[in-house]
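Trainee: with the sequence up front, the predicted model follows.
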Amino acid sequence: MKKRVAIALLFSAVFSPAFCDDITFINSDNTKYAKDNIFCNGNVIVLYSGKIISADKMTYDKKKEIVYADGNVIVKDEKQNVYFFDSMFVNKDFTYGEGKNIKIIAPDKSRLAAAKCWIKNGKYRLQNAVYTPCYECSEAGNVSWTVKAQNVEFDPESSSEYENAQFEFFGTPIFYTPYLSCLSPNIKRKSGFLVPKFTMASRSGFSVLPKYLWSISESQELIFKPIVTSKIGSVAWAYYGLRFPNGEFNIDASITGVESVKREVGESDYANKKLRKIEQSGYRGHLFSKLRYDIDETWRCGFDINLASDWYYLKRFPFFEGIDRPLESNIKLEGFDGRNYTSVKTAMFQSEYSEFLPKVLPVIERNYSTDLFFGTF
């Protein structure tokens, strides 16, 4: 494929390709022109409706505006998906066509294959298809897991839909679903449900974390991810993220009742006192937020807010990970000038171990480096 694409680029740059309507003939060992048809044979490469098609043999019906390709057919579209066929035909806008023995390699190296394919409105309808994301193991000839489906509709512009799908692990069926939909590999952002998480613990019981992503825009997203448990109640939890030209901002927050407090065990008088106070307040929750803003090429500012109603809250529910040290909230101004660094920072902390923690007044740090004689000072 790389060789043929390279040839296509070389010929298009050095030679004058033959144009005909929406098709450009870049290379062919032998070309014959008839009244309404163009016949090409040997190393055929064409550019058709923005897609590169190569094959051993190709016929173009000018009247119907249909390309017929046969033998080692390769199609590369604008989304960098690569399609392999034994033979195929397709019309001008790729809204109608058919192919035999199709194999699709997506930009993320996942693979989809079927014996028969129908093209309709830019979508590829596959029958008795097999999908695997395991690029490394497929190269080694031993695919670890696959999805086999009676029908698959692959839409490079949107999502892939699977009907009567069966998940297999090393050839052994482990899960069946009548319908499955997932984003096509080249789609970066789209609203929809994400893969949920499940866990089991003695105090919280069975827990599930469903997730729904609302893609507000190319630079904004909102994720709803409530926690539902069988023993300690439910948690309302959401995340909002925003990217802008000079920085980013995000906020992650949750809130719940105090049903879970009854199952807490404090490790100190301070902890037990804190838990009783939380129980009287009627709620538990957390707030994590971050801002980074580049003022110019040298200076940037921002803040980190990491607060929780109590330390045990983050440990009680099973989906908060990596919280193993005191929570730090700070406001910071930083400057980077070559090897020199300037920082102005103020901070406060929250921990389970002590009722009294320091609140840091502004700390100014300056690291300065310069060449001196034959060294650095």
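Mentor: Perfect, I can see it now.
Trainee: I'd assumed Gln280 was in a helix, is it?
Mentor: Yes. Checked against DSSP: H, G, I helix; E, B strand; the rest coil, Gln280 lies within a helix.
Trainee: how near is it to Trp118?
Mentor: 66 Å (C-beta to C-beta, to the nearest Å). Every C-beta, even on glycine, is put in place using the N, C-alpha and C of the backbone.
Trainee: more neighbours: which of the two?
Mentor: Trp118 (15 against 9; other C-beta atoms under 10 Å).
Trainee: tell me what the more buried one is bridged to.
Mentor: Beta-bridge pairing of Trp118 under DSSP bridges involves Glu98, Arg125.
Trainee: contacts only, for it.
Mentor: Gly97, Glu98, Tyr124, Arg125 (C-beta atoms under 8 Å, 6 or more residues apart in numbering).
Trainee: likewise Lys332?
Mentor: Lys332 neighbours (C-beta under 8 Å, 6+ apart): Cys301, Gly302, Phe303, Asp304, Ser343, Val344, Lys345.
Trainee: what helix or strand is the residue nearest to the last one when sequence neighbours are not counted located in?
Mentor: This means Lys345. Among residues not flanking Lys345 along the chain, Lys332 sits closest, at 4.5 Å (C-beta to C-beta, 6 or more residues apart in numbering). Take DSSP states H and E as the rule and Lys332 turns out to sit in strand 327-337.
Trainee: how about the CA coordinates for that strand, as PDB?
Mentor: Once non-C-alpha atoms are left out, strand 327-337 reads as follows in PDB (Å, rounded to 0.1, in the frame of the first residue of the first chain):
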ATOM      1  CA  LEU A 327      -5.000  17.000  49.500                       C
ATOM      2  CA  GLU A 328      -3.300  20.300  48.400                       C
ATOM      3  CA  SER A 329      -5.100  23.400  47.100                       C
ATOM      4  CA  ASN A 330      -2.900  26.200  45.700                       C
ATOM      5  CA  ILE A 331      -2.600  29.300  43.600                       C
ATOM      6  CA  LYS A 332       0.500  29.600  41.600                       C
ATOM      7  CA  LEU A 333       2.300  32.100  39.200                       C
ATOM      8  CA  GLU A 334       5.300  30.700  37.300                       C
ATOM      9  CA  GLY A 335       7.900  32.100  34.900                       C
ATOM     10  CA  PHE A 336      10.200  30.200  32.600                       C
ATOM     11  CA  ASP A 337      13.100  32.200  31.000                       C
END
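Trainee: show residues contacting the helix or strand following it.
Mentor: Later in the chain than strand 327-337, the nearest helix or strand by DSSP H and E is strand 340-350. For strand 340-350, contacts defined as C-beta under 8 Å, 6+ apart pick out 306-308, 311, 326-335, 357-369.
Trainee: and what of stretch 126-133?
Mentor: 102, 108-117, 138, 143, 145-154, 160, 162.
Trainee: and the residues you listed, which of them are buried?
Mentor: 102, 110-114, 117, 138, 143, 145-149, 152-154, 160, 162 (16 or more other C-beta atoms under 10 Å).
Trainee: list the buried residues of whatever helix or strand Leu291 lives in.
Mentor: Per DSSP H and E, Leu291 falls inside strand 284-294. Neighbour-count burial for strand 284-294, counted by 16+ other C-beta under 10 Å, picks out Arg284, Gly285, His286, Phe288, Ser289, Leu291, Arg292.
Trainee: now the contacts of Trp118 in TSV, with distance to Asn250, pLDDT and neighbour count?
Mentor: Converted to TSV, the contacts of Trp118 look like this (distance: C-beta to C-beta, whole Å; pLDDT from 0 to 100; neighbours: other C-beta atoms under 10 Å):
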residue	distance to Asn250	pLDDT	neighbour count
Gly97	44	92	19
Glu98	47	92	16
Tyr124	37	92	24
Arg125	40	93	19
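Trainee: looks like Thr376 contacts Tyr368 (just checking).
Mentor: No. If you go by C-beta atoms under 8 Å, Thr376 and Tyr368 don't touch, sitting 10.8 Å apart.
Trainee: that older thread, between the buried residues of strand 284-294, which sits nearest Tyr83?
Mentor: Arg292 (41.4 Å; C-beta to C-beta).
Trainee: test my guess that the closest one contacts Gly302.
Mentor: Yes. In this structure Arg292 lies within contact range of Gly302 using C-beta under 8 Å: 4.3 Å.
Trainee: which neighbours do those two share?
Mentor: Common neighbours of Arg292 and Gly302 (C-beta under 8 Å, 6+ apart) are Gly247.
Trainee: what helix or strand is Met58 on?
Mentor: strand 51-61.
Trainee: in that strand, what counts as buried?
Mentor: Lys51, Ile52, Ile53, Ser54, Ala55, Asp56, Lys57, Met58, Thr59, Tyr60.
Trainee: partners of it, with directions?
Mentor: strand 37-48 (antiparallel), strand 66-76 (antiparallel).
Trainee: relative to Ser181, which of those strands is closest?
Mentor: Ranked by C-beta to C-beta, the member of the strands paired with strand 51-61 that lies closest to Ser181 is strand 66-76, at 24.1 Å.
Trainee: now the closest one: average pLDDT?
Mentor: For strand 66-76, the mean pLDDT works out to 92.
Trainee: tell me what the helix or strand that it is followed by is packed against?
Mentor: Remark: after strand 66-76, the chain's next helix or strand is strand 82-91, criterion DSSP H and E. For strand 82-91, the contact count by 3 or more C-beta pairs under 8 Å, 6 or more residues apart in numbering; DSSP states H and E identifies strand 66-76, strand 96-105, strand 111-120 as packing neighbours.
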